[in-house]
Structures are given as C-alpha cells and as structure tokens.
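J.: Requesting a structural model of the entry that follows:
(2 chains)
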Amino acid sequence: MTHTQKRIITNKIVMFLSTLSALVGISFLLWILSILVINGIDALSMTIFTNGGAPPGNENGGLKHALIGQLMLFAYASLFGVPLGILAGTYLSEYGLKSKLAETIRDISDIMMSAPSIVIGAFVYAIVVAPSGQFSGWAGSIALMIIMLPIILRTTDDMLQLVPSTLREAAFALGAPKYKVIIQVVYRGAKAGVLTGVLLGVARVAGETAPLLFTSFNDNFLNTDMSQPMASLTVTMYNYATSPYEDWQKLGWAAAFILSMFILTLNILGRLFLLKKRGK
Amino acid sequence: MATIVDIATEKALEVKNFEFTYAGADEPNIKKLTMPIAKHSITALIGPSGCGKTTLLRSFNRMHDLYPGNKYGGEILFKDRNILGSKEDLIKLRTQIGMIFQKPTAFPMSIFDNVAYGLRLQGLKNKTELQDRVEKALQDAAIWQEAKDRLRHDANGLSGGQQQRLCIARAIAVEPEVLLFDEPTSALDPISTAGIEELVVELRKRVSIIIVTHNMQQAARVSDYTGFMYLGELVELGRTEELFVTPKEKLTEEYITGKFG
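T.: Okay, here's the model as predicted:
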C-alpha cells in the first residue's frame, strides 16, 4: 500500500467515525423531541390553559396555576436579573477593565455559571426561606435571578469588549462624556450580542427545577401572591410525571411540551439575533 | 538638541519640554520634546515605528487619559494655556482639537447621525440647522455627492475610503481649530488615499493639521512642515521641501534615504 492510499483510507475512517458520532448524538435529540411532541400534543387541550390543578381522577385538571406561577417567577427574576446583569457587565467592560476587582468578579461569575443550580436553591433556602419561615414566590425568583445573573453579566462583558476601542476613542475625540459613549456608541454596536446573552440567560433559568424545589416549592392551585409558595411548570411537571395517576402524567407531558417549546423559541430567537449581527 | 526651523506664522500649538510616560514604563516614552506647530499649516510627523509620533499626537487631545496610569510632563500650550493641567476641560478640548483615526470609525448609526453626533453633543437641536451643518460638513469632506441620497442608511454600508471621509466630515462638523490625523490612509487603497490627501490639503485653510504617517512620500506630498522623531525625541523640524532635500541632521538624512527605519 502506498503512502497516498494509506492517507485516503485513514481519511475515510476518520470521516466515518465522526459522522457516526454526530448521527448518534442527533438521533437521541430527535428521539427525545419526537416523544415529547407526540405525547405533548396528545395531552394538549384548551382546558389545560383555562383550568387550574385538580385532584387525580378529576377530568377538568389543567395547568393554569403552573403556567401563571412560572410566568410570574420568571418575570420577576428577569425584571431584576436582566438590568442588573447588563449594568454589571457594563461595569466590567467599560469601568473595571482589567482591574483586580473586575477580574475577580469575572472569575466568580465563571464559577457561578457552572455551579449546580441545586446549590443555589439551597443557598436561597438558607438566606430567604429559613429566616422567613416559609417557601415563597420571591425566594424562587431570587434563586432564578442568581442563576441568570452570571450568564447575562459575562455575555454583556464579552459583547461590549468586542466593540473596537477605536470606536470609543472616536466618540471621546468628539467630546462625548463617558456615559454617552457607552449608551450611544458601545451599546448600539453590541446590541445584538447583548440581546442574545439576555435571551440565553433567561432561557437557561426557564427550565430550572432544582432551585425552585427549595424556594417557591409548589402549589396545586392558582396563587398570585409572591410571598406564598407558588406553582411552576417544572416542579409541577416533576410532581405529575412521578405520580401514579395517568391523568396527572398526561398533564406532566403537556407541561414538558409547553416548557420545551418556550425555551426552544427563546434559543432560536437568540441565535437569529446572533446571525443578524454576523451578517452585518 | 533638535534642529527646529523658525516658524514665521502664528503657532497653533507649542510643545515645551514635553514628557510622556505610559502606565508601567520605567522611563519616559517621550523625552523633553519641544516643538512648535504652525497655524493653518500641515505638520507631518515621521519616524520609525515606536519613535513616539502617535503617542505625541494622542497627547494633543489627551486621548491617553482614557487609560489609567499614563503620565504627562512639561507643557503643551494651546490658546495660551497648558492643556496638560489637571483642571483642563477635556470635553471642550476635544471639540477644539479633533482626531481622525487609522481605521475608519463610523459609528453604528446612519450617515446623518454620524455627522450630527458631535453637533448634538454640543446641544444643537434645531432640525434645519442640524441639516444645514451636516450637509456642509459632508460637502467640505467631499462625500456629499455619494452620501446625499442615503443619509438615513447605515454608515457601515460605505466603503473604507468613504467611511474615512465621513469621519472627517464628522470631525469638521463641530468646527475644531486643530485636526489630528493618525495614519489616516494606512487602511485605504491608493485612489481613496489620493482623495483623503487632497482633502487634507484643502482643509488647511480652516484648521491646523498634524498628521502622523509611515509614508514619507505622503509627508512630502501634503505637509508644509515635517518633524522627524526618533526614540521619543524630536530630531529635526523643518520646512518639508527643505527637510527632504537638505536635512540638517545626519540621523534625518539616514532615515529619509532608507538607511534604517
């Protein structure tokens, strides 16, 4: 066998192996998605959106309580987490630069990003739930906020740093004060990237279950009082899916389907923004 | 000591015993530099990489202040005051001394908004006046013909040469007295370069210009005075036609004849 033939064969083997691996990975993903779609669509109905939780055996059970609870937990977490993350990222990129404080914050954020979310749940349990004596929607939102914060902070930091420093200098050279340079030039240049970070950050927390178990706990009925335990899609899904009742299991599938579609949409939107940015 | 030609006209700037030290450097990167800058003329700064010409240029509008730890010494006089003082109003200074960068720096906004940026910063809100001044700046920067039908379009859609002229329009819109050019054509093709050079010569009537360039032919083509810098010091400042033909300093002669650099 000549050297060239050897190379061609090696090439083919490597290509075969990598294609095979990719197919295996994708097939699992498609498998999960298809089961989710088949069972989820089957379980979907209008009553799911209009009715709250019901005891097993009751035909009229729905997910309204979990949907509204999830949205509230998620909205309050984003309401505080998104601006906090963007402002903190702005500090790192525009004011902190390479200072010790900024580098320390970056390192801590990186560690927090990979911290298991259940640890953050336990932390919020210790500082909010235990002192106040009860599970609450606020505790759940705080846990979600802590999880999204480092993601938004780091992407904002990275995206703002991608804006060329000469662009900042050019704005300064026209006599712009620093806050105007940041708002009018740097944010504008990094708009798509920052938005992507925000979407990925909020998508990440939308599927969290573990930290909510410790904080907002659950409620089988509609509750909009943030100081009380609150239902969420994820915890409801966990409870219903592990229950022995068939109608609850069905609702669990519906919850899984709705949640997955929501997260998928956020991710696709995030990627679209990134594509638009690259295309420019 | 450096050989410095007498400048007959008024001076736009006067550098006196100027020193500059970058953050973390042990000794000054520019040492005891003294140099007059003539008004309504073009002064070119040449010299090998690292000689301090861009560092000097960025001192005129205190660009170094954007990064912590840099130190100035000596004086740079502008309108009879030392602009290196700690109480200097940098925002005002930078509207009087504008800057054009090596790479075009069009902001991510429309062509109109780019040129209006500096005017709006100064509080100009009147729409018709804004319109007039943007149009005039674009005309003065010789880009009106290409830009007039797409004023609302994203400025990043322009070519490199057009963007650089847009940046010049943006800088002259606020009517500065001095314009600093930091190798403004090094990222451009020869035709765009010729266009920018023509424009720089034209602008001399209204502003005093300092231009840093790696290209000695460019310095010879456009400037009235040329300063040759080496290792953080000014070696020679002369009238351009004299400096390139009969340099007074041996080092200058060696540099312009290509013996080093």
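J.: which ones are touching the closest residue to residue B:66 other than its chain neighbours?
T.: Counting by CB to CB, 6 or more residues apart in numbering or on different chains, residue B:66 lies nearest to residue A:172, which is 6.1 Å off, once chain neighbours are set aside. Using the backbone N, CA and C atoms, a C-beta is placed for each residue, glycine as well. Residues in contact with residue A:172 (CB atoms under 8 Å, 6 or more residues apart in numbering or on different chains) are A:178, A:181, B:63, B:66, B:94.
J.: so how far is the host helix or strand of residue A:26 from its chain's centroid?
T.: Assigned by DSSP states H and E, residue A:26 falls within helix A:3-43. Offset of helix A:3-43 from its chain centre (CA atoms, centre = their mean, to the nearest Å): 26 Å.
J.: And the next helix or strand past it?
T.: helix A:46-50.
J.: And the helix or strand just after that next one, what does it pack against?
T.: Once the chain leaves helix A:46-50, the next helix or strand it forms, by DSSP H and E, is helix A:64-90. Helices and strands touching helix A:64-90, by 3 or more CB pairs under 8 Å, 6 or more residues apart in numbering or on different chains; DSSP states H and E, are helix A:46-50, helix A:137-162, helix A:187-206, helix A:233-241, helix A:246-279.
J.: what's in contact with the first one?
T.: Residues from elsewhere that reach helix A:46-50, judged by CB under 8 Å, 6+ apart: A:60, A:61, A:62, A:63, A:64, A:67, A:251, A:254.
J.: For those, give me a markdown table that also has pLDDT and neighbour count.
T.: Compiled in a markdown table, the contacts of helix A:46-50 are given as follows (pLDDT from 0 to 100; neighbours: other CB atoms under 10 Å in any protein chain shown):
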| residue | pLDDT | neighbour count |
| --- | --- | --- |
| A:60 | 82 | 10 |
| A:61 | 85 | 23 |
| A:62 | 88 | 20 |
| A:63 | 91 | 28 |
| A:64 | 91 | 18 |
| A:67 | 93 | 22 |
| A:251 | 91 | 26 |
| A:254 | 93 | 24 |
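J.: Could you export these as TSV, including distance to residue A:228?
T.: Shown next, in TSV, are those (distance: CB to CB, whole Å):
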residue	distance to residue A:228
A:60	23
A:61	21
A:62	20
A:63	19
A:64	17
A:67	17
A:251	22
A:254	24
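J.: Need the winner for burial among the helices and strands packed on helix A:64-90.
T.: helix A:137-162 (a mean of 24; mean count of other CB atoms under 10 Å in any protein chain shown).
J.: tell me the average confidence for that one?
T.: The predicted model gives helix A:137-162 an average pLDDT of 95.
J.: what angle do the next helix or strand along the chain from that helix and helix A:187-206 make?
T.: Per DSSP H and E, the first helix or strand lying C-terminal to helix A:137-162 is helix A:165-173. Angle, helix A:165-173 to helix A:187-206, by axes from the mean of the first three to the mean of the last three CA atoms, to 10 degrees: 130 degrees.
J.: Helix A:165-173 vs helix A:137-162, what angle?
T.: 90 degrees.
J.: buried sites along helix A:165-173?
T.: For helix A:165-173, a neighbour-count test (16 or more other CB atoms under 10 Å in any protein chain shown) marks A:167, A:168, A:169, A:170, A:171, A:172, A:173 as buried.
J.: correct me, but the fifth one touches residue A:182?
T.: No. Residue A:171 sits out of contact with residue A:182 when judged by CB atoms under 8 Å, with a separation of 9.2 Å.
J.: Nearest residue to the middle of the chain?
T.: Picking chain A for this. Taking CA atoms, centre = their mean, the centroid of chain A lies closest to residue A:204, which sits 1.5 Å from it.
J.: wait, I meant chain B there
T.: residue B:180 (1.4 Å).
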